[in-house]
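Undergrad: Fold the following and give me the result.
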Amino acid sequence: MSPVQAAVTAVLTQKFEVRPESIHPDATLESFDLDSLALAEFALVLQQRLGVRVEEDEAAGHSTVGALVAALNAKQAREDGA
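TA: All right, here's what the predicted structure looks like:
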């Protein structure tokens, strides 16, 4: 499990009480019933944990957990290389 995937899973389970077994690459954030306020908080907490800027629309805009993790991995790699 990548550090980004671990962070996404930890935030979803600890802050939003999502069951760990429901978090898989094909799951959507929509399936976790996160409203716009929760998505904003989700993005902020991920930003703090990962050290990369995460906008609410980035977190909400990805169709699956796997797509979000891939996008954040790429963003983190770009920022680490900059």
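Undergrad: since we're on residue 75, how many residues are nearby?
TA: Neighbour count for residue 75, taken as other Cβ atoms under 10 Å: 16. Heads up, the C-betas are built off the backbone N, CA and C, glycines and all.
Undergrad: Which pLDDT does the model give the nearest residue to it once chain neighbours are set aside?
TA: Sequence neighbours aside, residue 52 is the residue nearest to residue 75 in space, at 5.3 Å (criterion: Cβ to Cβ, 6 or more residues apart in numbering). Confidence at residue 52, expressed as pLDDT, is 88.
Undergrad: what distance separates the longest helix along the chain from the middle of the whole chain?
TA: Selection of the longest helix in the chain by residue count, based on DSSP state H, yields helix 65-81. Remark: helix 65-81 is offset 10 Å from the chain centroid, using Cα atoms, centre = their mean, to the nearest Å.
Undergrad: what residues does it touch?
TA: Helix 65-81 is contacted by residues 2, 4-5, 8, 23-29, 46, 50-54, 58-59, 62 when judged by Cβ atoms under 8 Å, 6 or more residues apart in numbering.
Undergrad: Flag every buried residue along stretch 7-19.
TA: 7-9, 11-12, 16, 18 (16 or more other Cβ atoms under 10 Å).
Undergrad: Looking at stretch 21-35 now, give me its mean pLDDT.
TA: 92.
Undergrad: where along the protein do the helices fall?
TA: 3-16, 36-50, 56-61, 65-81.
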